[in-house]
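Colleague: sequence and predicted structure below; questions after.
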Amino acid sequence: MLGQLIVSGLAAGSLYALTAVAVVVVFRNTRTINLAQGDFAMMGAFLALIFIKSLGLSYLFALGLSVVCIMALGVLTERLVMRPIADSGWLTLFTATLGVYYILHGVSGWLWGRDTKAFPVTFDPTPIHFLGTVVSEGHLINMAWVTAIGVLLYSFFRYTKQGIAMRAVTDDPETAQLMGIPVRFIVMLTWAMAGFLGAFAGILAAPIIYVAPEMMDEVLIKGYVAAVFGGLYSIPGAILGAILIGVAENLAGGYLGAHFKTAIAFVMIVILLAFRPQGLIGIQKRREV
Amino acid sequence: MVESITTTAAPAPSGSRAAVATLKNTFQMQNWVLASLFFAACLVFPLLPFVEGWMVFQGAFIIIYIMAAQGVSILTGYTGLVTVGHGAFLAIGAYTAALLMKYTGLSVIPGMIAGGLVSALFGLALGLVFLRLAGAFMAIGTLGFAFFIGAIVNNVPIFEGRTGISLPPNTVFGFEIDDFGFYYVALVTLALTTLFVHSLIRSGVGRAFKALRDSDKAAESSGVNRLLYRTLAFSISAFITGVAGALNGLIVNYISAEVYGDIWYSVDLLVAAVVGGSAMLFGPFLGGFFVAMVPFYLEELADFAFILKGVALIAVLVLAPAGVAEVVARPVRAWRQRKLLEAGESPELADAPGPPTGGGS
């Protein structure tokens, strides 16, 4: 029972991690708590569904195309909405992403309707027995994808010029600008990365949940909670937080009853913020918010 | 240095002080007259010949939204603590009043007060728990609180989840009231809360709130007790929103987790505060009106309404980052400042960002 709950928790946590990392990356480079992150994911899932169902594309091709589209959506959001108000306080930026949230919710509901749709299942639905636990193949595939994305992100930040520039902007945008780093381009890249992570989060979650305008709302909130575990700054902290939340809510659901499953993440956040407001992984240097 | 500027700008300093004082009094009187006119208009509104029943009902809803947004503005506008969780206080107020009415037969006014008080207790607790939080962390923390309360009303049996609690007709002092009467109850309550917020932000407590907002370190080193004033701001803010919540539940005689278990109230109230202008007395009036009326007008457009709402929100943020109230008040404020300068107010003082006095109520 315990092992089973932990494995299910890891599967759920890996999906929260994609959202949490996107929230952290956008926040630390632009001071924006991005409320539209869940909608990037939702649009990604819808687009992939359209590509597969209506255009008859293969799963992988549809996934790739959808990821590219949502990256463009992220860039568009930055260019049209966020850049004109980039110098405002964080509350204005936050409320502006709420505007984007409304628009994307409206667009998806208007184009595709409010009813929930099933996403074609690409994996074998019979569960696999693994170390004494039962796992769905879909969860395993998702965890593999998320791990691959994690490795990709790590290499991006560690080895590529753009990744290092992005970290420089995080640490000190003014100095970065003076050193000749194109800060505007890096901010755009940040939003593209949010789109990239969002599209994957949506497409990987879609077969497990469903496809509808509000499909990612709860995942998004848990992504925030996970991001706070890393002090809204640390990517490893956010990933750790996401996995903790996934495991904790499955344990609570299993041992305390299903009612407690949704509440546990917020009990955790309240306790965390009350005792360690800087996040679980302590950050010494953090920008004023 | 300051001295010399004053003398050049005001060559006759002897009479100028009295003139400035008179002028300031006049401006204050103008504010009072405008506010009274506004409330008088609201009093007459249901009696006008073309006004139908649903308009009065909708009017009461707007008033409730305004009140709830006033609660948000105490924290977000005056104390600088952004809250994305005030829907929780709305729910606490509504459920307190509804449960009391169901099990003890309490009427509207005691229900309202009880709703406010229980909500204020939760506000006090939240203020203590989040004592060290600021900025974005406070926003996420309060959002978590709203979700937590939502999960509770959805799942704990006494709140009857999505089935909801149906309530008997409302009574005030033993008389049964309809929507019409309810409108007046809400209006009187709004007048009281407005008067309260007005006096609060001009009192020492209000100055302490604003000092904490502008710089909590500076405020603390000049003797502002952070623990006291932060928890006080939380409690007062929660009280006002809790009262609004009680009215919000009682007006339709029915509450359910379908409505209060969601975080959309929380987000709407923050939008009301930000759009209206949360650091001005009449900001919540504009913001509450905006948030209550947009879905009403755009109902038949359904999903398209969402798009328009988003576009309108972004447009307001780009064009009026400090809220619509600030844009409306700007010319009035500029005109008054010019008058004050002409009367001999020292420019040093006149240029200082004064207390946020609205043009109207």
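Modeller: On my side now, so go ahead. Numbering: from 1, shown residues only, chains lettered A, B, ... in the order given.

Colleague: C-alpha from now on. contacts and neighbour counts both.
Modeller: OK.

Colleague: so where is chain B shaky, pLDDT-wise?
Modeller: Flagging of chain B using pLDDT under 70 yields the residue ranges B:1-15, B:298-302, B:346-361.

Colleague: would you mind listing what in it touches chain A?
Modeller: Neighbours of chain A within chain B, by C-alpha under 8 Å from any C-alpha of the partner chain: B:82, B:129-137, B:140-141, B:144-145, B:147-148, B:151-152, B:155, B:271, B:274, B:303-314, B:317-318, B:321.

Colleague: just those residues: which are in strands?
Modeller: Using DSSP state E, no member of those falls within strands.

Colleague: show the buried residues in these.
Modeller: Buried subset of the residues of chain B next to chain A (neighbour count, 16 or more other C-alpha atoms under 10 Å in any protein chain shown): B:82, B:129-134, B:136-137, B:140-141, B:144-145, B:147-148, B:151-152, B:155, B:271, B:274, B:303-311, B:313-314, B:317-318, B:321.

Colleague: enumerate the residues of the stretch 151-289 of chain A near chain B.
Modeller: Counting by C-alpha under 8 Å from any C-alpha, the residues of the stretch 151-289 of chain A near chain B are A:224-225, A:228, A:259, A:262-263, A:266-267, A:269-270, A:273-274, A:277, A:289.

Colleague: before we move on, back to that, which of the buried ones among the residues of chain B next to chain A fall in helices?
Modeller: B:129, B:136-137, B:140-141, B:144-145, B:147-148, B:151-152, B:155, B:271, B:274, B:303-311, B:313-314, B:317-318 (DSSP state H).

Colleague: for the chain, what's the longest helix?
Modeller: No chain in the question, so chain A it is. helix A:2-30.

Colleague: sorry, should have said chain B
Modeller: Across chain B, the longest stretch assigned as helix under DSSP H is helix B:13-44.

Colleague: name the nearest residue to B:F27, sequence neighbours excluded.
Modeller: B:R336 (7.8 Å; C-alpha to C-alpha, 6 or more residues apart in numbering or on different chains).

Colleague: so how far is chain A from the one you found?
Modeller: 27 Å (C-alpha to the nearest C-alpha, to the nearest Å).

Colleague: so which residues of the stretch 1-150 of chain A form strands?
Modeller: Using DSSP state E, counting those that start in this stretch, the strands of the stretch 1-150 of chain A run over residues A:128-130, A:133-135.

Colleague: which residues of the stretch 1-150 of chain A lie near chain B?
Modeller: Counting by C-alpha under 8 Å from any C-alpha, the stretch 1-150 of chain A sits next to chain B at A:33, A:81, A:84-85, A:88, A:90-92, A:95-96, A:98-107, A:109-110.

Colleague: again, 7 Å this time
Modeller: A:I85, A:T92, A:A96, A:G99, A:V100, A:Y102, A:I103, A:H105, A:G106, A:V107, A:G109, A:W110 (C-alpha under 7 Å from any C-alpha of the partner chain).

Colleague: any weak-confidence spans in the stretch 101-250 of chain A?
Modeller: In the stretch 101-250 of chain A (pLDDT under 70), the answer is A:124-125, A:131.

Colleague: switch the cut-off to 80
Modeller: A:113-114, A:121-138 (pLDDT under 80).

Colleague: could you check which residue of it lies nearest chain B?
Modeller: Of all residues in the stretch 101-250 of chain A, the one sitting closest to chain B is A:I103 (4.1 Å; C-alpha to the nearest C-alpha).

Colleague: correct me, but that residue touches B:A312?
Modeller: No. Contact criterion C-alpha atoms under 7 Å: A:I103 and B:A312 do not qualify, at 10.0 Å.

Colleague: may I see the buried residues of the helix or strand just after the longest helix of chain B?
Modeller: Next helix or strand after helix B:13-44 toward the C-terminus (DSSP states H and E): helix B:53-73. Neighbour-count burial for helix B:53-73, counted by 16+ other C-alpha under 10 Å, picks out B:56-73.

Colleague: helix B:53-73 vs helix B:13-44, what angle?
Modeller: Helix B:53-73 runs at 140 degrees relative to helix B:13-44, counting by axes from the mean of the first three to the mean of the last three C-alpha atoms, to 10 degrees.

Colleague: so which of the strands of the stretch 1-150 of chain A is the most surrounded?
Modeller: strand A:133-135 (a mean of 17; mean count of other C-alpha atoms under 10 Å in any protein chain shown).

Colleague: what about that strand, distance to the chain center?
Modeller: Offset of strand A:133-135 from its chain centre (C-alpha atoms, centre = their mean, to the nearest Å): 25 Å.

Colleague: counting by contacts, list what that strand packs against.
Modeller: helix A:2-30, strand A:128-130 (3 or more C-alpha pairs under 7 Å, 6 or more residues apart in numbering or on different chains; DSSP states H and E).

Colleague: turn these into CSV, columns for distance to B:V172.
Modeller: Below are the helices and strands packed on strand A:133-135 laid out as CSV (distance: least, C-alpha to C-alpha, whole Å):
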stretch, distance to B:V172
helix A:2-30, 49
strand A:128-130, 64
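
Colleague: worst average pLDDT in the ones you listed?
Modeller: Lowest mean pLDDT within these: strand A:128-130, a mean of 73.

Colleague: roughly how far is that strand from the heart of the chain?
Modeller: Mean-position distance between strand A:128-130 and its chain equals 28 Å (C-alpha atoms, centre = their mean).

Colleague: direction included, what does that strand pair against?
Modeller: strand A:133-135 (antiparallel) (DSSP bridges).

Colleague: now do the partner strand: everything it contacts.
Modeller: Identification of contacts with strand A:133-135 by C-alpha atoms under 7 Å, 6 or more residues apart in numbering or on different chains yields A:G3, A:Q4, A:P127, A:I128, A:H129.

Colleague: let's see 6 Å
Modeller: Here strand A:133-135 makes contact (C-alpha atoms under 6 Å, 6 or more residues apart in numbering or on different chains) with A:Q4, A:P127, A:I128.

Colleague: what is A:V135 paired to in the beta sheet?
Modeller: According to DSSP bridges, beta-bridge pairing links A:V135 with A:I128.

Colleague: that older thread, got a list of what the residue of the stretch 101-250 of chain A closest to chain B touches?
Modeller: B:F306, B:I307, B:G310 are the contacts of A:I103 under C-alpha under 6 Å, 6+ apart.

Colleague: quick one on the thing from earlier: widest-spaced pair of the residues of the stretch 151-289 of chain A next to chain B?
Modeller: Greatest spatial distance in those: A:H259 and A:V289, 34.6 Å, computed using C-alpha to C-alpha.

Colleague: show me what the helix or strand hosting B:G93 is packed against.
Modeller: Element membership for B:G93, per DSSP H and E: helix B:86-104. In terms of contacts (3 or more C-alpha pairs under 6 Å, 6 or more residues apart in numbering or on different chains; DSSP states H and E), helix B:86-104 is packed against helix B:108-129, helix B:226-250, helix B:264-276.

Colleague: which other helices and strands contact the last one?
Modeller: In this structure, helix B:264-276 packs against helix B:53-73, helix B:86-104, helix B:283-297, with contacts taken as 3+ C-alpha pairs under 6 Å, 6+ apart.

Colleague: between those, which gets nearest to A:L197?
Modeller: A:L197 lies closest to helix B:86-104 among those, at 30.0 Å (C-alpha to C-alpha).

Colleague: ok, A:A199 - contacts?
Modeller: A:A41, A:G44, A:V67.
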